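**Student:** got a predicted structure here, sequence first:
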Amino acid sequence: MGHQSLGLLGVLGQQGETVRDEVEAVAAAHEVPYRSGRTGVFPHIMDRAKPGSIGVRKEGKRFVNEANGYYDYVEGLLAATPEGETVESWQIADSRFVRRFPLGMAKPLPVPLFPYLRSGYLKKGNTIEELAVACGIDPAGLRDTVARFNENARRGVDPDFGRGGTAFNRYGGDPTQTPNPSLGPLEKGPFYAVRVVPGSFGTFAGLDADGRGRVLSENGAPIPGLYVAGNDHSSIMGGHYPAGGINLGPALTFGYIAGRDLAAVRTHKVDGTFPIPQPQE
């Protein structure tokens, strides 16, 4: 089985057979309008854990811990979207946020915001309610959500989704923000938003292999001379996605294992490059 390359609500490029939706590694992404009339894709990675921003659906309500991995973000969005409705959210931020951090493809100072506003990629409102109208979000729902989030963020807590409660969340935040690097109120207008939709970063599907990286046939026997590593290898995470880049370690490891097996290397020379802990006496 082949794998899909980065796509947005579908496949922009394929190698081999199409992979079913349930085995894709999904990510939050944006549709980016260009002046030529084309539409591109930009992954939503850098900003979700930063203080002063939240993700909401059209009801104006949050649906997930935004500072978790992008896979978790999209899983939360899918679960919160009723059957038959468009799967989309809006990442909301205030003016202090957008001048310090990226909001999707919109860059912080000194890059100007007007190109993103002119293209429609970035929405703007002088008040939370005005921004909600521009995005098609329920104004009262968004106002109440922001008020609740701000009150808790000032105390460094998120009782609704636990944002900022893990080292991973806080690492993605701002170390100068206290009392929690991942939590900050949205209170200084104007306010901004970008639309977020599911995209595809890769796949959990692939070729089954043994512990030596040898591809297995349908009856479970190794196919002589055929090895696999990387995205073409079935994910060792079993359908889970602990964090961004989780495919890199297995790719390096099984590439190394397969190379040694192909070279018929059966021993490991200790040359001092990587110190090996000695057992306690």
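**Tutor:** Everything's here; your move.
**Student:** all strands of the stretch 1-150 of the chain, in order?
**Tutor:** All strands of the stretch 1-150 of the chain, identified by DSSP state E, counting those that start in this stretch, fall at 3-4, 7-8, 14-15, 24-33, 39-43, 53-56, 89-94, 122-125.
**Student:** pick out the shakiest of these, pLDDT-wise.
**Tutor:** Per-stretch averages of pLDDT across those put strand 7-8 at the bottom, with a mean of 24.
**Student:** which residues touch stretch 187-196?
**Tutor:** Stretch 187-196 is contacted from outside by 28-31, 44, 55, 73, 77, 88-98, 103-106, 113, 121-128, 130-131, 134-135, 150, using C-beta atoms under 8 Å, 6 or more residues apart in numbering. All C-beta atoms are positioned from the backbone trio N, CA, C, and that covers glycine.
**Student:** contacts for stretch 69-82, please.
**Tutor:** 25-28, 43-45, 48, 55, 57, 63-66, 87-89, 168, 196, 198, 201, 241-244.
**Student:** just the ones of those in helices?
**Tutor:** Judged by DSSP state H, helices contain the following of the contacts of stretch 69-82: Phe168.
**Student:** from Asp208, how far off is Ala221?
**Tutor:** Here Ala221 is placed at a distance of 11 Å from Asp208 (C-beta to C-beta, to the nearest Å).
**Student:** of these two, which one has the most company?
**Tutor:** Neighbour tally, Ala221 and Asp208, criterion other C-beta atoms under 10 Å: the higher count belongs to Asp208, 14 against 10.
**Student:** quick check on the more buried one: phi, psi?
**Tutor:** In terms of degrees, to the nearest 10, the main-chain angles of Asp208 are phi -70, psi 140.
**Student:** same question for Ala251.
**Tutor:** Torsion angles, degrees, to the nearest 10, at Ala251: phi -60, psi -50.
**Student:** now do the contacts for the closest residue in space to it that isn't next to it in sequence.
**Tutor:** Leaving aside its chain neighbours, Ala251 sits nearest to Gly230 (4.1 Å; criterion: C-beta to C-beta, 6 or more residues apart in numbering). Going by C-beta under 8 Å, 6+ apart, Gly230 touches 247, 251, 254-255.
**Student:** wait, doesn't Gly206 sit right on Ala229?
**Tutor:** No. Gly206 is not in contact with Ala229 according to C-beta atoms under 8 Å; the separation is 9.9 Å.
**Student:** any idea how far Tyr73 is from Phe201?
**Tutor:** 12 Å.
**Student:** cool, and Gly172?
**Tutor:** 12 Å.
**Student:** more neighbours, the two?
**Tutor:** Tyr73 (26 against 22).
**Student:** need the single longest strand in this structure, by residues.
**Tutor:** Ranked by residue count and defined by DSSP state E, the top strand of the chain is strand 191-203.
**Student:** measure Thr203 to Asp232 for me?
**Tutor:** Thr203 is 10 Å from Asp232, by C-beta to C-beta.
**Student:** who has more neighbours, these two?
**Tutor:** Thr203 (21 against 18).
**Student:** touching, the more buried one and Ser234? I think so.
**Tutor:** No. The pair Thr203 and Ser234 fails to qualify as a contact (C-beta under 8 Å) at a distance of 9.2 Å.
**Student:** how many other residues sit next to the nearest residue to Glu129 once chain neighbours are set aside?
**Tutor:** Excluding the flanking residues, the one nearest Glu129 by C-beta to C-beta, 6+ apart is Pro139, at 4.1 Å. The tally of other residues near Pro139 (other C-beta under 10 Å) stands at 17.
**Student:** just the pLDDT for Pro139.
**Tutor:** Pro139 carries a pLDDT score of 98 in this model.
**Student:** quick one: contacts for it?
**Tutor:** 60, 128-129, 132-133.
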